[in-house]
Every structure is written in structure tokens, then in C-alpha cells.
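Asker: next input, structure requested:
(2 chains)
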2 protein chains.
Amino acid sequence: MEIVIIGAVAAGPKVASRAKRLMPEAGITMIDQDDFISYGGCGIPYFVSGDVSDEKELRSTSFHMVRDPYFFREGKGVIVRSLTRAVSIDRKERLVHVEDVATGKKDAVKYDKLVITTGSRPNVLPVPGRELEGVYVISDLHKALAIKEDIARGKVKNAVIIGGGAIGIEMAEGLADLWGVDTTIVEFMPQILPRIVSPTIAAMVQRHLNEHGVKVYTQEAAKEFQAGGGKRVAKVVTNKRELPADLVVMAAGVRPRGELARDAGLLVSPQGAIIVNQRMQTSDSDIYAAGDCVEIPNIVTGKKFYAPLGSLANRQGRVVADNLGGIPSVFQGCVGSFIMKVFDMCVGSTGISLEVARAEGFDAANAQCVQSDRAHFFPSQALMFLDMIIERSTKRVLGLQGFGQMGDGLLARINAAAGLIERRAVISDFSTLELAYAPPFSNAVDVLNAVANVADNLVSGRLKTVPVEDFMAWMDGTSDHPDWTALDLRSSKEAAGLVERFGDKWISMPYDKVRSSYQSLPKDKMFILICNAGTRSYESQCFLRSVGINNSLVLPWGLNVCMRLGAAWLS
Amino acid sequence: MEIVIIGAVAAGPKVASRAKRLMPEAGITMIDQDDFISYGGCGIPYFVSGDVSDEKELRSTSFHMVRDPYFFREGKGVIVRSLTRAVSIDRKERLVHVEDVATGKKDAVKYDKLVITTGSRPNVLPVPGRELEGVYVISDLHKALAIKEDIARGKVKNAVIIGGGAIGIEMAEGLADLWGVDTTIVEFMPQILPRIVSPTIAAMVQRHLNEHGVKVYTQEAAKEFQAGGGKRVAKVVTNKRELPADLVVMAAGVRPRGELARDAGLLVSPQGAIIVNQRMQTSDSDIYAAGDCVEIPNIVTGKKFYAPLGSLANRQGRVVADNLGGIPSVFQGCVGSFIMKVFDMCVGSTGISLEVARAEGFDAANAQCVQSDRAHFFPSQALMFLDMIIERSTKRVLGLQGFGQMGDGLLARINAAAGLIERRAVISDFSTLELAYAPPFSNAVDVLNAVANVADNLVSGRLKTVPVEDFMAWMDGTSDHPDWTALDLRSSKEAAGLVERFGDKWISMPYDKVRSSYQSLPKDKMFILICNAGTRSYESQCFLRSVGINNSLVLPWGLNVCMRLGAAWLS
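Answerer: Here you go, the predicted model:
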């Protein structure tokens, strides 16, 4: 059996290696137009930043062998034809027509089974000046090397990143943190990480970027890249301002490289992604596809979507290899787990955001909890903010997202949630989920259990909340607000400053005085219950309701979120 | 409705607080014989160590209020009768007979619903001299205060901990690390953390303890505690040696305090744990029980077992409160998630160990994988060792355990596994589990996915392994071995030292030379395939089989585990 694989970055090498182990007799050939193959593309921002000093590390095994054609031939028994472009697929003759990139020499490769792992290409925005020197899209390792060379030669003082998604933020951190480059992110949408996390979590990330010197402009679009004297970019003109820039990185997402498949008559989506079944077979059952060039089912929404991630490419690659090797295997889709480092913090999510859930027609709500990520008496503790997205009618958990200190603490909650969301778990599954507990790692009631408990209180109607965004807009004066009064449940000493600032709009009533003092409260007000995290507020809401005071709303995440957002009225 | 709760440490306060929120009209009374209530008992080792400086932190909320009777009354609307012992339960009259600990005054408390959360007591070993000064069991916060006072007064130079379970190890670390006390653990079983982790993981933990100055003696029992001149302990005599000791801590497990329930005619297990249904009701439907005094179902084995953990006590407490409040709620049991810090490393598990699985009649096997806990090119990466326990016939995953650098990386894998094991997940569920990926946190194929892939290869018969314990015993010369030859797949430079040492028992054949050189191998040998992690070994095993060489076994975890175990023959 001859197996031919087009594309040798992530999914391709996985298919090749596993298939060869399952079928040592098979002939396996990987074709790639590049000379760099089998590299960790997700490591590119860390290579540019200098965290990873040598590009070879991105294409080496853990035992320090470079994954080059020699390695694949001698180590894995797989033939690699690098610098070879696949031009077309002749399905009738089962041939891949190829061309030598250097010489232009044409050739054809015979296959019994074909695997298309052609990956993605970055979107190039149609901005005038995009051809200038110093304007990059990160399409491969070569571009990363070029950017790093620019920086190392001292050419870069001001960088503008177009796009506030994960790669844009990672690039911004790398440029600002290790190279001291004055860095700005320009994002077209009203928030960074759009559709992935809530506006409030995005705002916390944005403020943290600001704290580390990265400027962020949202709802703003690059209109032109302008040169200075020569051919190199010197300025980015947006619809709102001009930004000096000797480096521009377009990080505006990627799209599937599905042309080869489409031209061979295989089904592709309107967006150009190859359509595959759960065995990763294309519309031609002898041709498989995997990785960034396919669309896959979103397990939460049930729809197909595009999720170009190295981790999914590897899982799909294994499924392809299994099916080639006679082991029936399926890739059921994904829930979209995501995590990233942002300086000293990290942000992550799994499942869908509230925005996506509502767009998809779910009767969705979200529950928030902030709590120490480990025992509050343990020295290395820090606050972790979680936001759980739920479907009210079924109590199904649709998503979880969070923001916390850098480390693996948030990962521990995201990973625990991902497996349950895949299985359509409901709130009570999360309340009782048995997370490992010891004071250096967690709490007896872990923050993930706790956010589920909050969700339970919310859907049962016991907890009534005000959206954080609304409260912040009222306080910042950017929106009108109803006739409400803050009831500050912290100690009177903690509340004093805000009472002084806001007068009768801000009443101090410490948590342990509510039961003895509630009768002094005005009867006709809407109260926003305020504490640091929301727990005292919820407890007080239950009590107030029991004595007939029903007009109260809890501020979820309490003043902790206002502090994280750098609320001016707190200082 | 009058709800009375006996015991106010973990489950009790949870029941009280939640029940009061659900039923603001109910009268709720907690009774406890101690004056310290509602404290984080799991934090005691960290208080003794000095990580937590003030005992008040263990019984304070995250907003720094001490959880005392005032707090419960004014904050939560719950009455606490501390320093009050529950003497007996009169189920007919629905009375709890109590006694004031200070005055001996007797009294009775009427209940409509009763909740027993009497917790556990530590086992006191019948060792002569156990009454000496300086010999402690850690039954409560008072004992912790006394130990810390002994240390602070300079009374402690040599400590002996009896018991190598989690609490014993945590105490040992606290004494050795922060106070510089010369500390020894004496464990009766052949390994520390018996039944929880595999002998090899236990040996890695033991060696790490040794590296930090803690001595560990297994298969050894304390026979006598001897005084020096006065009343204070000076020496521990075991069946093998004498150990100087001015502090002895017995950490030999705990047992349920079920006497009050038993004497009231409620069903208790032969071990004395209160028997409850999934709603946490005892054999009297008006009496609930929760926490360390009950036995619960083990979801993996299906049997009832005893799992005294603060995290489970809280979950059970919530279930009790829900049922009291008319919200049908069940506690389905647990899988036994566990994690602990050991100096710079951590060890954790969920589900059952191979030893327990075999004792329970499962046709169980285990699969091992060691891999960087994040991208191998990312600076803070370190090796994580995982061991997955599986049932061969069903491919069901019965347990997962691991050892890795201190941080939350291992927690992230244990937590992800716990939810799946609860749901009877099989190997392929773990292979495809969508763990969040970015280079600072994980690999495209996470170590948890990878260990499942190893398990798949193992149960399918593609991977054949030698037990690590057997290999180590052969190498250490503590057991005879068959006529085997090591085939070292690392670079010839890396292999040179062992080739020199072991002669024709140790053949160097670098991974990338196997396909071209295998014909030079002797035909009649059993090969142990050796690399650093096991991956090159597995790949080579597949190839060798394809050319007719079937007599090879992979050393799982490779030489990484031998290094971690401090193998003398490696140095």
C-alpha cells in the first residue's frame, strides 16, 4: 500500500508516523513545498520573543533530533519530499502531480490512499501599503526568522499588531516584554479575543496588557500602512489615529488551504475548508484530510466550524492513521478549549461564550465566581475569575472561561470542564465534580465547583445579579442608570471612601450587621449588593428576601472585578 | 423547622450555611465540643510548618472574618453551641442530650431534622510510651498549636513521623523544610503512600524526600517510644533500629466517629462509619450524616469505602442542605482524587491504583508515559510521569496517577481525568480529550492524551513492556533475571558509559540506525529496549516486529525513571 500525504507540518507527520507503526510494510511519502517541516507553529511567538532561542528547537524532538527528512527516513521509515509542491490531484489515476520548487521539474506520485494536510494560510487584509518592508503576516517559520532578524538588527522601535486574537496578543507580549518594543494592538471588534471570552474578561486582559506597556485600541481598523523615506513601513493610519510603526504584524486569523482539494472535485465548505466525515474521509473515500484545512463539528452547537489548532490537528492525524491501518476510529469534533499566557496572567476558555450561545439560539445565562485559586491561607494564592455559561432550561453547561495568575491553575479548571462539556454535562455534574484537593492546590470547595453552585443559585432564581458590564457603565457614567443604591457589605472602614464619594447612593452595612440593621434601609430603592467577591452579597440577598426586601441585585465578582478593570472611581 | 447539627468543622458548617440560605425561617443550631470550629483541618501541616503563620487564618473567611459563634450568628443566622458535647440522641423524643464541657451542666436540644457531622479521630497505635510528652496525634487544632509551641521553644531537633501517608509526608516536609528539624518517616508497609500510588511512583517520592533530608524507612514498625531523663520522649525503637526523637507524630490514619450514631441505633459499618443513602440519610430518614463519619460509594469499584477528605465533606454537606431544603439532591460517591506537594515536586492520583484494581478482581494493566509538562522548547518545562490503570477487556480507565514538578500542571491532568473516570470513560475518551493547548501550558499531544495512546498500544498488543520494578530489581541485583540484553536507542555517546559497564549485556544502537543495522543483532536474546522516555523504544519495537524480531520489551518511562530513582548503576 502506498500512502501519500500532502503537507508535513502537524497533522501530516502525525499520520505518517502512526500509520508506519501500524503498517510497517506500507510505503509512506510526505510532500511539502517548504524545507522546514514538522515544526511547532504555535511556538513561533515564543521564538520571536526570544523565549525559544533557536528555531531548531521548534522542529526538534524532545530527544533533540531535528525532524528533517533524514530523521523521518531513518527514524520513522517515512519518505519526505520537501521543497516539492503538490500541483493537482488526479483521482482517477490516483496520482498527485508535483513540481520541484527549486527546479520547476514536474513529476507524479502514485497513491493508494491520499491524505491532505495542507493547513491554513493567514488572512492578508487589503490595506494599502501591505507590500512595504516590515509588514508581515506570520505564515511560516521563515517569516518568524525574518521578524526576529529585523528586531535583532535594531530596526524595530514601534510595532503595531493588527488583530487582538490569541496570536496577536502573544506576539505583542513577545515584542514588548523581551525586546522592549513599543507595541500597540489594533482590533476591529469592540473587544480583544472577540467571541472567545466575555467583554469583561477581555477588558481585564486588555488592562493587564496596558499595565505592561502594550497599548490596545478596539473598534479601530488599519486604513493604510505608510512608508517613511524608503521602502520600510513607518506609520499605521487607522480610522482614528496615526501610529508610528517600523514593524507591522497582521494577525487577522487564518483560513483553510482547501484549493487543491476543491480543484480535485472534493467537497469544500463555502469558506474553503475540506468537508470530512467523522473518520476524516473526504467526499472521496480513499482521500482523507486533517488539520487546519478541514472543518469539524462543534460539539456544543452541533454545527460545523473552523478550529485551526495544532492540538486538534494531531488528534485528527491519529484518527486518520488508525483508519488507514484498519482500526475503526472517529473524531467526534471539539468544544474549543483555549488557553494563553498574557504576561503574569492567563486567560482560557472551553465551550462557547455567552455571545455565541445567544447567537446560536440558546436561552443562555452566565454565572460568575471569583475565589482564591488555592487555600486563601496559602502564600502563593491569587484570585481566579471564572464565568460559566449555561442553558437555563436544561441546566446544561455550554462553556467556561476564566482569568487568573500565570501558572497551570486555570488550565486545571478548563481541562476538567472540557471533558464534561463534551459529554453534555449539567450544572450539578460540576457542583459535585471531584477535583483533587490540598491547600497548596485548591480549596475544599474548588472555584470550579463554586461557580457551578453559583449557576445553580442563578437558574433556580435564588440569586439575582446585575451584569458587570452594566454596573461598570453606570459607575463610569457612560450609560444612564436606574435609581439604584449600592449596599456595601464590607467592613465600614473598607466602605468609608466610597460612602464619602457617593453620598446616599452608597450605603455601608457590614455583612455581620445586616440581620440586626436591615430595618433602617430605605424601602423604595433598588439595591446593588456589593462585597469583594459576591458571596456575602448572595447570602445577604437571601436574607433580605426573607424579610420582604426583594429589590436587590448582586454584583457578581464584586469589587475584585472593578479593581482588575482599574475603575477610576475606586482610587 | 428546627435543624440541629452535631459537629462544626467542615460538613457541619456547610450544611448550616446552605440550609439557612435555602430556608431563612428555619432555626439552625450547631453543636461542637471544641471552641475552635469551622477550620481548615487540611491546613494544619502548613500551620505547623510556618507557611501559615497564625492559626486564625485556618478558621477565617477569605474576607478575614474569624468563623466563630458571633460570625455564624450575625453573618449566617446560625446558632453555635461550642464547648458543648453531644452525649446521646433520643430519636423517639427527637432530642439531643448535651453537656457543657466546662461546667458539666446537662441539657437537651430539640430537633425536627438532625445532621451528624462528627468527623473522624486519628488512630492511636498501641505503642508503649505513647503517653510521653512530645508524642502527638493530630486530632485537632489544639494539637497543632502544641507542636508548633514545642518547635518554637527549641525543644525539637529530631522528629519521627509514624506513617508515610499524605499527612505524614506533609508534616515531615513542614518540619524539615522550614524548621530544619532532622526528620524521619517510619512506614509499616513496603512503600509510602501505600495503595494510593504505584511502588515506583512512591519510590520517586521517597527519593525526593531523601534529597531534601527526610529519611524514610519502609516495612518498619515503631515498637516503643522511650523517654530520656524526664517525661519527654527521646527515642523511637523500631523493629530494625533506634531513632533519636524529641517529637513523635503518629499519622497512622483516621477512623470515623460513629459512636453517637451507633448508640442511637443507626446503622454503622463494621469499621464504625455511619451508613447513608445517596441523599446522605442515615437509617433514620430524619437524620442525615456527612463528612468523615460516613462511608460512601467508590464509583470505580462500586463498593462502599471510607474517604475522609475536606473536599468531599463539603460536597456532601451541600447535598444534605439541599435535601433538607426540598431540593432533591444526591451524592453519588467518589473516585478518590488526591494531590499533594512534596518539596519541589507533587504527586497525585484519581481512581484506583493497579494494586487495588487487581485486588478488586479487575483484569488490570498499567500504561506509563513521561513527557514535558509543556512544550519541550518552553523554558519552564519539566518532566511529568503519568501512569494510567486500565481494565484490559473493556478498555475502561480505572485510575490515573502521576509525579511532576510542583505547580498545578499535575492537577490539570488529574482533574481532567477525574470527571471522565466518574463517567466510566474508556481509553479512546482520553486519547481524544480536548485539553487546552498553548506552548507555555502543554503540548499539542498532551501527556494525558499520550498516556492514553500508550494504553491503547498496550491493550492492543502492539506495545510489550517490562515492569519498571522488575527492571530496577534486575539492575540493582536484588533479583535474578532472565537472559536479556539492553538495546540502548539513545545516541552512541549517551550509551557509551553503560556499554562499557555492562559489556555485551548492553548494546548501543541509536534510534536512527535501527532500520539499517538491525541485522547485526543477536537472534536469540530477549531485548529490553531503552531510551529516555519510551517513545523511541516503542517505535523500534514496531519496526523490529515487522522484520521478525519479536522478543523485545520496552522499558516504560525509559531511563528518566531510573534517574529519578537515583539508580546507582547510572552514575
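Asker: burial check on residue A:54, number of neighbours?
Answerer: By the criterion of other Cβ atoms under 10 Å in any protein chain shown, residue A:54 has 10 neighbours. Every C-beta, even on glycine, is put in place using the N, C-alpha and C of the backbone.
Asker: my bad, should have said residue A:65
Answerer: Using other Cβ under 10 Å, residue A:65 has 18 other residues around it.
Asker: surely it and residue A:76 touch.
Answerer: No - using Cβ atoms under 8 Å, residue A:65 makes no contact with residue A:76, being 10.8 Å away.
Asker: which regions of the stretch 251-400 of chain A sit below the pLDDT cut-off?
Answerer: Along the stretch 251-400 of chain A, no part satisfies pLDDT under 70.
Asker: dump the residue contacts of residue A:303.
Answerer: Shown in contact with residue A:303 (Cβ atoms under 8 Å, 6 or more residues apart in numbering or on different chains): A:297, A:360.
Asker: quick one, helices of the stretch 1-150 of chain A?
Answerer: Counting by DSSP state H, counting those that start in this stretch, one finds helices in the stretch 1-150 of chain A at the ranges A:11-22, A:44-49, A:69-70, A:141-152.
Asker: in the last one, what counts as buried?
Answerer: Within helix A:141-152, the residues scored as buried using 16 or more other Cβ atoms under 10 Å in any protein chain shown are A:141, A:143-144, A:147-148, A:150-151.
Asker: how about stretch A:177-191 as CSV, C-alpha atoms only?
Answerer: Extracted in CSV, the C-alpha atoms of stretch A:177-191 (Å, rounded to 0.1, in the frame of the first residue of the first chain):
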residue,chain,number,x,y,z
ASP,A,177,8.3,42.0,27.2
LEU,A,178,11.7,40.7,26.0
TRP,A,179,12.7,43.3,23.3
GLY,A,180,11.2,46.4,24.9
VAL,A,181,9.5,47.3,21.6
ASP,A,182,6.7,50.0,22.0
THR,A,183,3.8,47.8,20.9
THR,A,184,0.2,48.6,20.0
ILE,A,185,-2.6,46.2,19.2
VAL,A,186,-5.3,47.4,16.8
GLU,A,187,-8.5,45.3,16.9
PHE,A,188,-11.5,45.9,14.6
MET,A,189,-14.1,44.4,17.0
PRO,A,190,-15.2,46.1,20.3
GLN,A,191,-13.1,43.8,22.4
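Asker: rewinding a little: of all the helices of the stretch 1-150 of chain A, which one is nearest residue A:517?
Answerer: Residue A:517 lies closest, by Cβ to Cβ, to one member of the helices of the stretch 1-150 of chain A: helix A:44-49, at 54.1 Å.
Asker: which other helices and strands does the closest one contact?
Answerer: Packing partners of helix A:44-49 (3 or more Cβ pairs under 8 Å, 6 or more residues apart in numbering or on different chains; DSSP states H and E): helix A:141-152, helix A:166-179.
Asker: is chain B contacted by the first one?
Answerer: By that I understand helix A:141-152. No - Helix A:141-152 does not reach chain B (Cβ under 8 Å from any Cβ of the partner chain); its nearest approach is 12.7 Å.
Asker: and the residue nearest to the spatial centre of chain A, what is it in contact with?
Answerer: Of all residues in chain A, the one closest to the mean position by Cα atoms, centre = their mean is residue A:338, 4.2 Å from it. Contacts for residue A:338 (Cβ under 8 Å, 6+ apart) come out as A:166, A:196, A:348-350, A:414, B:436.
Asker: ok, 10 Å please
Answerer: Going by Cβ atoms under 10 Å, 6 or more residues apart in numbering or on different chains, residue A:338 touches A:166, A:193, A:196-197, A:307, A:309, A:347-351, A:401, A:414, A:418, B:434, B:436-438.
Asker: restricted to strands, list the residues you listed.
Answerer: Among these, the ones falling in strands (DSSP state E) are A:347-351, A:401.
Asker: just put the residues you listed in JSON lines and tack on distance to chain B and neighbour count.
Answerer: Below are those laid out as JSON lines (distance: Cβ to the nearest Cβ, whole Å; neighbours: other Cβ atoms under 10 Å in any protein chain shown):
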{"residue": "A:347", "distance to chain B": "10", "neighbour count": "27"}
{"residue": "A:348", "distance to chain B": "6", "neighbour count": "28"}
{"residue": "A:349", "distance to chain B": "8", "neighbour count": "29"}
{"residue": "A:350", "distance to chain B": "7", "neighbour count": "29"}
{"residue": "A:351", "distance to chain B": "10", "neighbour count": "28"}
{"residue": "A:401", "distance to chain B": "11", "neighbour count": "29"}
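Asker: pick out the most distant pair among those.
Answerer: Farthest apart among those by Cβ to Cβ are A:347 and A:351. That separation is 14.7 Å.
Asker: circling back: including distance to residue A:280 and mean pLDDT, could the helices and strands packed on helix A:44-49 go into a markdown table?
Answerer: Below are the helices and strands packed on helix A:44-49 laid out as a markdown table (distance: least, Cβ to Cβ, whole Å; pLDDT from 0 to 100):
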| stretch | distance to residue A:280 | mean pLDDT |
| --- | --- | --- |
| helix A:141-152 | 26 | 91 |
| helix A:166-179 | 25 | 93 |
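Asker: quick one on the thing from earlier: between the buried residues of helix A:141-152, which is nearest residue B:444?
Answerer: residue A:141 (15.7 Å).
Asker: in contact with the closest residue to the closest one other than its chain neighbours, which residues?
Answerer: Of all residues not flanking residue A:141 in the chain, residue A:36 sits nearest, at 4.7 Å (Cβ to Cβ, 6 or more residues apart in numbering or on different chains). Counting by Cβ under 10 Å, 6+ apart, residue A:36 touches A:8-9, A:55-56, A:58-59, A:67-68, A:82, A:140-142, A:144-145.
Asker: phi and psi next, for whichever residue of the stretch 401-550 of chain A sits closest to chain B.
Answerer: Across the stretch 401-550 of chain A, no residue is closer to chain B than residue A:546, which sits at 3.2 Å (Cβ to the nearest Cβ). Backbone torsions of residue A:546, given as degrees, to the nearest 10, read phi -70, psi -20.
Asker: spatially, what comes nearest to it if we skip its sequence neighbours?
Answerer: Nearest residue to residue A:546, sequence neighbours excluded (Cβ to Cβ, 6+ apart): residue B:24, at 3.2 Å.
Asker: what do you get for residue A:488?
Answerer: residue A:495 (3.9 Å).
Asker: surely the one you found touches residue A:489?
Answerer: Yes - using Cβ atoms under 10 Å, residue A:495 is in contact with residue A:489, at 8.3 Å.
Asker: neighbour count: the two, which is higher?
Answerer: Comparing residue A:495 with residue A:489 by other Cβ under 10 Å, the one with more neighbours is residue A:489, at 27 against 21.
Asker: how long is stretch A:159-174 end to end?
Answerer: End-to-end distance of stretch A:159-174: 11 Å, with Cα to Cα, to the nearest Å as the criterion.
Asker: then stretch A:83-101?
Answerer: 5 Å.
Asker: what's the average pLDDT for that stretch?
Answerer: Stretch A:83-101 comes out with an average pLDDT of 98.
Asker: where does the stretch 451-571 of chain A come near chain B, residue by residue?
Answerer: Residues of the stretch 451-571 of chain A found near chain B (Cβ under 10 Å from any Cβ of the partner chain) are A:453, A:456-457, A:460, A:462-463, A:489-491, A:494, A:510-516, A:531-533, A:535-536, A:538-547, A:558.
Asker: rerun that using 8 Å as the cut-off
Answerer: With Cβ under 8 Å from any Cβ as the criterion, the stretch 451-571 of chain A meets chain B at residues A:453, A:460, A:462, A:490, A:511-513, A:515-516, A:531-533, A:535-536, A:538-539, A:542-543, A:545-546.
Asker: where does the stretch 401-550 of chain A dip in pLDDT?
Answerer: Along the stretch 401-550 of chain A, the model assigns pLDDT under 70 to no residue.
Asker: now do the helices in it.
Answerer: Going by DSSP H, counting those that start in this stretch, the stretch 401-550 of chain A shows helices at A:409-422, A:427-431, A:447-459, A:468-476, A:492-502, A:514-517, A:535-546.
Asker: cool, thanks, talk later.
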